[in-house]
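# with the sequence up front, the predicted model follows.
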Amino acid sequence: MDTLNIKSGLILLVVFLLLQILVRIMFRTIGFSLKHVNIPEDWLRFIRDSTAILTFIIYLFYSNNLDSTDFTISYAWMFFFIILVLSLLIIENLFLNKFTSSESELLDILKQYPISQIVNILLFAPIIEEIVCRKIILGDMNLGNIWIALIVSTCIFAILHFQFNFFDFILIFIYGLLLGFCYIKTESIINPIILHIFINAIQLLFIFNNEKSTV
């Protein structure tokens, strides 16, 4: 894996944040100006998020921080990690659900903005979170020690998902460690992205199944 110095990595993160802010400001302005056109907010959210991600990925290619090796799928390791996270997901949803935070808030958002939220959960969030937490912080930024980088990137990943529930934090931290190990072992960002999409998809299935069982 190619490495950057910490300064270059921080510049990448700042560029990412600035792109997110600029795109959101732009679409907030567009949203106000297009109120009379009656474009659904769900679609505006979808276009906004996809624009933010595309601009950041284009920037990564332009700055030579993504290359062909980042899109090599390691099938043997992927099979191992998918079995591992599937086992953890089943244990979590069968035995640990009572300790985790309520799913009602997420369900309400999904019902209000189904298109943008489902695409965000299954595509946008995994891409951005893996590029930032695994590709940039764990892989590219030279923090001196791969294990320190793994812990730092996993802590940031867990904090991004923090829902004021310590048990949730521990579970997300474990998933973050597995995603980090997946990146370390395969040296390709596409593998943890696929694994992250798989985790989110299974979680969504459990959430919808739990909702049906309570109706």
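Here it is on my side, so go on.
# lowest average confidence, helix or strand, in this structure?
Sorting the helices and strands of the chain by mean pLDDT, DSSP states H and E puts helix 6-33 at the bottom, at a mean of 73.
# mind listing what's buried along it?
Neighbour-count burial for helix 6-33 flags 9, 12, 16, 19-20, 23, 27 (criterion: 16 or more other CB atoms under 10 Å). Where C-beta positions appear, they are placed from N, C-alpha and C, glycine not excepted.
# the next helix or strand after it vs helix 6-33, what angle?
Per DSSP states H and E, the first helix or strand lying C-terminal to helix 6-33 is helix 41-62. If you take axes from the mean of the first three to the mean of the last three CA atoms, to 10 degrees, helix 41-62 sits at 150 degrees to helix 6-33.
# neighbouring contacts of the helix or strand that comes right after helix 41-62?
Using DSSP H and E, the helix or strand that follows helix 41-62 in sequence is helix 75-95. Outside helix 75-95, the residues that touch it by CB atoms under 8 Å, 6 or more residues apart in numbering are 100, 171, 174-175, 178, 181-182, 185-186, 191, 194-195, 198-199, 202-203, 206, 210.
# what are the buried residues along helix 75-95?
Buried, per 16+ other CB under 10 Å, within helix 75-95: 77-78, 81-82, 85, 88-89, 92-93.
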